[in-house]
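Trainee: the following block contains a protein sequence and its predicted model.
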Amino acid sequence: MAHITRIDLAMVDLVPATKRVDAIQSFVSQETPMVTVHDSDGATGFGYSYTIGTGGPSVMALLEHTLAPALIGRDPARIDGIWRDLLFLTHATSVGAITSLALAAIDTALWDLHCKKAGLPLWKAAGGSRDRIPLYTTEGGWLHLETGALVDDALAMQAKGFRGSKIKIGSEHISQDATRLSAVRDAVGESYEIMTDANQGFTLSEAIRRARVLEEHNIGWFEEPLPADDVAGHTELARRTSVPIAVGESMYSLSQFKDYLQAGAASVVQVDVARIGGITPWLKVAHLAEAFNVMVCPHFLMELHLPLVCAVPNAKWLEYIPQLDTITGAPMRMEAGFAIPSDVPGLGIDWDTDAITAKSVFSKSITEGA
């Protein structure tokens, strides 16, 4: 039986190529914690997670001092058991973002190792439901952009075969959001999907008011209209509008998704593989949503989410936001508005190890017997 002999830790800080502003924040950098798992057979698995500018050193400290040492000597094939043991080990800091992001870096590395040893790409190892997924873009819909820029980007992406665009909302007055959405809808026509994202920026009464505007423009979904812990508010909003309510990027446990689904408070589950704590819990959430006949459209991390949305039957979209271009050799494969997962065993990401080493702001190895 193989066992884990070494854990390499690193973090790179990636500056977005595009300015990203929404209703409550700016995405200033992508701190990217990375974990490499080595086993006694000489095999390796590589995993990662992310922040949007703060908290990265805390994630790395949890990995270095608590989680990585606990992996030494473990059987790497026991992925679910390891995930549960590490969650319990950190029970005083769970459920929450720091713990989830650290767990995700480990869990994705273990899945990468498992898939490589099995000779399977992740999208097949986790289910193999489909071999491609439609794309929608968020990268041209940020809140600071002028209306003309929103229109130009949506038209350009439509010409490339993309099926939809996400527009950030939360302007000071409802009329400003209405103007932006109307201009995009007039330009792209009725068959092109337009999603909206409020990034938890509204009160319930304002969300109900703005939902009426979204209905007028045949909007695909109303994302994070309220604070993520307001299940009752989302339930009431869902009852008051025909626009599908999308939530999930700011939720960190299977139980939180269960509460939303039981209450009928979400029509779109946007579970984020890093914020939920890895591939292991991501798949549990996706299958839970399937049981409620709810679609999964994950948040961010397109390169890692691509094989996952192709693994499950209830995924409809992949969100296009490039983020790993400077530390990968080949970009995610796209054809006519679809993303196509790699058939290479593992996560399917073509990492540029030299670039990662050059950009690392933290590195540490935890070894057997040390």
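Mentor: In hand now; what should we look at?
Trainee: I'd say Ile52 and Pro16 touch.
Mentor: No - look at Ile52 against Pro16 with CB atoms under 8 Å: they stay out of range, at 9.1 Å. Heads up, the C-betas are built off the backbone N, CA and C, glycines and all.
Trainee: so which residues of the stretch 101-250 of the chain form helices?
Mentor: 122-125, 147-159, 174-188, 204-216, 231-240 (DSSP state H, counting those that start in this stretch).
Trainee: show me what the second one is packed against.
Mentor: If I follow you right, that is helix 147-159. strand 164-168, helix 174-188 (3 or more CB pairs under 8 Å, 6 or more residues apart in numbering; DSSP states H and E).
Trainee: what lies in contact with the first one?
Mentor: In other words, strand 164-168. 21-23, 134, 136-138, 140-143, 150, 153-154, 157-158, 180-181, 184, 188, 192-199, 220, 223, 317, 319 (CB atoms under 8 Å, 6 or more residues apart in numbering).
Trainee: tell me how far the residue nearest to Met1 when sequence neighbours are not counted lies from Leu63.
Mentor: In space, Met1 comes closest to Asp75 once its chain neighbours are excluded; the distance is 5.7 Å by CB to CB, 6 or more residues apart in numbering. Separation of Asp75 from Leu63 (CB to CB, to the nearest Å): 20 Å.
Trainee: how about Ser242?
Mentor: 44 Å.
Trainee: the more surrounded of those two?
Mentor: The neighbour count for Ser242 versus Leu63, taken as other CB atoms under 10 Å, is higher for Leu63 (27 against 11).
Trainee: surely that one touches Ala102?
Mentor: Yes - assessed by CB under 8 Å, Leu63 is found in contact with Ala102 at 5.0 Å.
Trainee: what do these two both touch?
Mentor: With CB under 8 Å, 6+ apart as the test, Leu63 and Ala102 both reach Pro33.
Trainee: tell me the most buried of the helices of the stretch 101-250 of the chain?
Mentor: helix 122-125 (a mean of 24; mean count of other CB atoms under 10 Å).
Trainee: now do that one: distance to the chain's middle.
Mentor: Centroid separation for helix 122-125 versus its chain: 17 Å, with CA atoms, centre = their mean, to the nearest Å.
Trainee: now it: average pLDDT?
Mentor: Mean pLDDT, taken over the full extent of helix 122-125, equals 98.
Trainee: does anything pack onto that helix? Which helices or strands?
Mentor: For helix 122-125, the packing partners by 3+ CB pairs under 8 Å, 6+ apart are helix 97-118, helix 302-311.
Trainee: now for Val213: which residues touch it?
Mentor: With CB under 8 Å, 6+ apart, Val213 has these contacts: Ile174, Asp177, Ala178, Leu181.
Trainee: give me the distance between Ile366 and Leu9.
Mentor: When Ile366 is compared with Leu9 (using CB to CB), they lie 7 Å apart.
Trainee: now do the shared contacts for the two.
Mentor: Listed as contacting both Ile366 and Leu9 by CB under 8 Å, 6+ apart are Glu64, Ala68.
Trainee: show me the shaky parts of the stretch 101-250 of the chain.
Mentor: By pLDDT under 70, the stretch 101-250 of the chain has no low-scoring segment.
Trainee: which among the helices and strands packed on helix 147-159 is found nearest to Phe338?
Mentor: Taking CB to CB, strand 164-168 is the member of the helices and strands packed on helix 147-159 nearest to Phe338, at 12.5 Å.
Trainee: domain ranges for this structure?
Mentor: 4-119+353-367, 123-340 (automatic domain parsing).
Trainee: for Leu347, which of these is the nearest?
Mentor: It is, among those and with distance given as CB to CB, domain 4-119+353-367, at 4.8 Å.
Trainee: got the end-to-end distance for that closest one?
Mentor: Counting by CA to CA, to the nearest Å, you get 9 Å between the two ends of domain 4-119+353-367.
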